[in-house]
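Chemist: Quick check, what structure comes out for this input:
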Amino acid sequence: MDNKETDLVIKNLRKTFGKNKVLNGIDFELKEGERVVVLGPSGSGKSTFLRCINWMEEPTSGSIILDGNEVTKKNIRWVRQNIGMVFQHFNLINNMTVMENLTLAPVKLKMMKQAVAEKRAMELLRHIGLPNKANAYPASLSGGQKQRVAIIRAMMLSPEVLLFDEPTSALDPESIEDVLELIRELANRGMTIMIVTHEMSFAKEIATRIVFIDKGKIIEEGTPDEFFEHPKTERVKEFLEKIL
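Modeler: Prediction:
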């Protein structure tokens, strides 16, 4: 990892909602090809951290630097082209077909002509085994199908980094494995990934690094073996005892 360029640098990131301090000074670096799993208790700031990275939430202070460029309101479109996000509840547009959901952003951002976008969308739909759903509406899909469509929607723009915010927590057990298998495939292809998840066995399997957030701060990080087998802090030991 040391020989690769740093894709993403975060310095002293803070986010407050009124008097509620959700992120309390996060310093973080993500290198190309890393797969970082973000763990922590509910309400610790994990999802807000991901949402601030691609400015779904505007940070209160601190800096986010992608490929040497600081993220601001002025380059937010460029940021979202390069940092894709997959949400817990899919965020598909219900009154648009699957094809329309997939092609909307690349066409609107003038990155692809409509015909090119539709061709790429069909290739991706075939890849996940859903080419027959191109003209279906999200309401007719299962949860697992919606999430797989949401993942390939994020891949339509060929982002450098893909963020997953608890991508399986709204799914039934049967659908979870289909979604995890697609994320595994992206990881095996070298995609740079950050994922918030409660699937601990999956975290152990996929992560190159585990980051633990509590009360809006990173309090421990390490390889899966270091984190799960040799935790350094009492807080992480307590967390692992509860969940494992």
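Chemist: On the three-state scheme, the most centrally placed residue in the chain is what?
Modeler: The residue lying closest to the centre of the chain (Cα atoms, centre = their mean) is Leu163, at 1.5 Å. Classification of Leu163 by DSSP: H, G, I helix; E, B strand; the rest coil places it in strand.
Chemist: Local confidence estimate at it?
Modeler: According to the prediction, Leu163 has pLDDT 97.
Chemist: The residue nearest to Leu102 when sequence neighbours are not counted: how many residues sit nearby?
Modeler: Counting by Cβ to Cβ, 6 or more residues apart in numbering, Ala121 is the residue found nearest to Leu102 once chain neighbours are left out, at 3.9 Å. No exception for glycine: its C-beta is placed from N, CA and C like everyone else's. Neighbourhood size, Ala121 [other Cβ atoms under 10 Å]: 24.
Chemist: so Ala121 makes contact with Ala105?
Modeler: No: checked against Cβ atoms under 8 Å, the pair Ala121 and Ala105 is beyond contact range at 11.0 Å.
Chemist: Need the residues touching each of these two.
Modeler: Met156 (Cβ atoms under 8 Å, 6 or more residues apart in numbering).
Chemist: what sits up against the helix or strand of the chain with the lowest mean pLDDT?
Modeler: Lowest by mean pLDDT, DSSP states H and E among the helices and strands of the chain is helix 76-82, with a mean of 90. The contact list for helix 76-82 (Cβ under 8 Å, 6+ apart) reads Asn54, Trp55, Leu66, Asp67, Asn69, Val71, Leu109, Met111, Leu157, Pro159, Glu160, Val161.
Chemist: Report the buried residues of that helix.
Modeler: Val79, Arg80, Gln81, Asn82 (16 or more other Cβ atoms under 10 Å).
Chemist: what's the answer for stretch 173-185, then?
Modeler: Ser175, Ile176, Asp178, Val179, Leu180, Leu182, Ile183.
Chemist: Give me the ChimeraX select line for the contacts of helix 76-82, limited to the buried ones.
Modeler: Below is the selection syntax for ChimeraX that covers the buried ones among those, with 16+ other Cβ under 10 Å defining burial:
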select :54,55,66,71,157,159,160,161
